[in-house]
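Student: Coordinates only, no sequence provided:
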Ligand SMILES: [Zn+2]
């Protein structure tokens with residue numbers, strides 16, 4: 001599971017979602033935004049606290 005940081009394109013609010021699939025293949029995903037109270041396009045900003053990354 002990865003925590004993905006997403007930003008609503010409509011109201012610009014950010015949220016973090018636990019999702020089991022790779023969002024890097026998507027530029028945008030349609031999700032329900034509690035603030036807009038409707039499904040809006042969300043921009044994928046990146047992974048929050050990736051566990052697998054160790055340099
Ligand atoms: Zn919104």
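Tutor: Great, that's in hand. From a predicted model like this one, the values you see are computed outputs, not experimental measurements.
Student: List the residues that contact residue 38.
Tutor: Taking C-beta atoms under 8 Å, 6 or more residues apart in numbering as the criterion, residue 38 is in contact with residue 32. C-beta: built from backbone N, CA, C; applies to glycine.
Student: Poorly predicted segments of this structure, please.
Tutor: Across the chain, residues meeting the criterion (pLDDT under 70) sit at 1, 49-55.
Student: Now do the strands in the protein.
Tutor: With DSSP state E as the definition, the chain shows strands at residue ranges 2-8, 14-19, 28-33, 38-48.
Student: Would you format those as a markdown table with distance to the ion included?
Tutor: Shown next, in a markdown table, are the strands of the chain (distance: least, C-beta to the ion, whole Å):
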| stretch | distance to the ion |
| --- | --- |
| strand 2-8 | 3 |
| strand 14-19 | 9 |
| strand 28-33 | 3 |
| strand 38-48 | 5 |
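Student: So which of those strands is the most surrounded?
Tutor: Scoring those by mean neighbour count under mean count of other C-beta atoms under 10 Å gives strand 2-8 as the most buried, with a mean of 18.
Student: Provide the partner residues of residue 14 in its beta bridges.
Tutor: Per DSSP bridges, residues listed as beta-bridge partners of residue 14: residue 7.
Student: ditto for residue 46
Tutor: On the basis of DSSP bridges, residue 46 takes part in beta bridges with residue 5.
Student: Test my guess that it contacts residue 5.
Tutor: Yes - Residue 46 sits in contact with residue 5 when judged by C-beta atoms under 8 Å, with a separation of 5.6 Å.
Student: Return the residues in contact with residue 15.
Tutor: 5, 6, 7, 8.
Student: tell me which of these is nearest to residue 16?
Tutor: Using C-beta to C-beta, residue 5 is the member of the contacts of residue 15 that sits closest to residue 16, with 5.4 Å.
Student: Could you report the distance from the most centrally placed residue in the chain to residue 40?
Tutor: With distances taken as C-alpha atoms, centre = their mean, the residue of the chain nearest its centroid is residue 6 (2.8 Å). When distances are taken as C-beta to C-beta, to the nearest Å, residue 6 and residue 40 turn out to be 10 Å apart.
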